[in-house]
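> Requesting a structural model of the entry that follows:
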Amino acid sequence: MRNWLRQNRGFLAFLLLLGLFRTAVADWNPIPSGSMHPNILEGDVVLVNRLAYDLKLPLTDRVIMALGEPQRGDIVTFTSPRDGVRLIKRIVALPGDRIAMRDKQLILNGQAAGYAALPTPSTRAAIDAPWQAQAYQEQVAGVTRAIQWLPGVAARDNFDEQTVPDGHYLMLGDNRDNSADSRYIGLVPRRLLIGKAVRVLLSVDMLGVWWPRLERFGQALV
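Reported below is the predicted structural model:
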């Protein structure tokens with residue numbers, strides 16, 4: 001055993017450094033679900049900047065230094081406050097924001113979101129949702145993003161106005177009717193934020209025959 005360790009110490013050191021890099025600097029996450037359709041698809045592998053907001057002690061949620069402030073509209077990975085599962089969603093409301101949802105429509109700080117219809121997506125609504133989606137461009141508080149709804153699917157389309165407390169964020173999936181987000185798991189404290197998802201590294205078609213989706217390679221996330 002000692003001889004094996006000596007012979008492979010370079011490779012083991014590389015693995016250790018790679019692990020530290022992934023837990024403290026940058027990470028790549030495969031996407032297994034359709035909660036962020038139409039912007040992130042199953043089979044995408046996204047690059048996550050772990051230094052976008054905080055420098056953390058590797059392998060922990062302990063913040064060593066704040067490096068930046070999360071912004072409304074950022075796509076982030078975080079640890080679910082309910083069950084510890086890693087999720088990817090969009091920040092919709094910041095600390096101090098007043099946020100409500102009425103019949104699917106967001107109302108942020110008293111301003112109702114506007115919705116403009118987009119072309120019908122060519123892909124299925126999600127790997128576990130064969131329904132045809134309805135895509136819209138949602139605009140509120142200066143942030144514009146593509147979202148989708150699933151006709152006939154029951155979801156939490158209403159919640160009373162609440163003020164987001166300090167150090168917390170309200171997260172929603174862009175696939176509003178197929179996303180376990182803050183409507184179900186509650187607000188997310190900053191210490192559970194992992195990083196900002198910035199780009200699709202590579203992508204394969206999980207709904208087809210696993211062909212690479214070359215057009216998505218390197219695509220920026222907005």
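> Which pLDDT value goes with residue 130?
pLDDT for residue 130: 62.
> Retrieve the pLDDT associated with residue 57.
80.
> Quick check: which element contains the residue nearest to it when sequence neighbours are not counted?
Closest residue to residue 57 apart from its sequence neighbours, by CB to CB, 6 or more residues apart in numbering: residue 64 at 5.9 Å. (Glycine included, C-beta is placed from N, CA and C.) Element membership for residue 64 (DSSP states H and E) is strand 63-66.
> Sheet-wise, list the partners of that strand with their directions.
Partners of strand 63-66 in the sheet, by DSSP bridges, are strand 54-56 (antiparallel).
> ok, and for stretch 66-85, which residues are buried?
70, 72-81 (16 or more other CB atoms under 10 Å).
> ok, now stretch 100-108?
For stretch 100-108, by 16+ other CB under 10 Å, it's 100-101, 104, 106, 108.
> go on, stretch 144-155?
Here stretch 144-155 shows 145, 147-150 as buried, counting by 16+ other CB under 10 Å.
> Contacts for stretch 152-169 next, please.
Stretch 152-169 has contacts (CB atoms under 8 Å, 6 or more residues apart in numbering) with 70, 91, 93-104, 107, 129, 131, 170, 176-178, 182-184, 187-191, 193.
> So which of those sit within strands?
In strands, defined here by DSSP state E, the members of the contacts of stretch 152-169 are 91, 93, 98-102, 107, 170, 188-189, 193.
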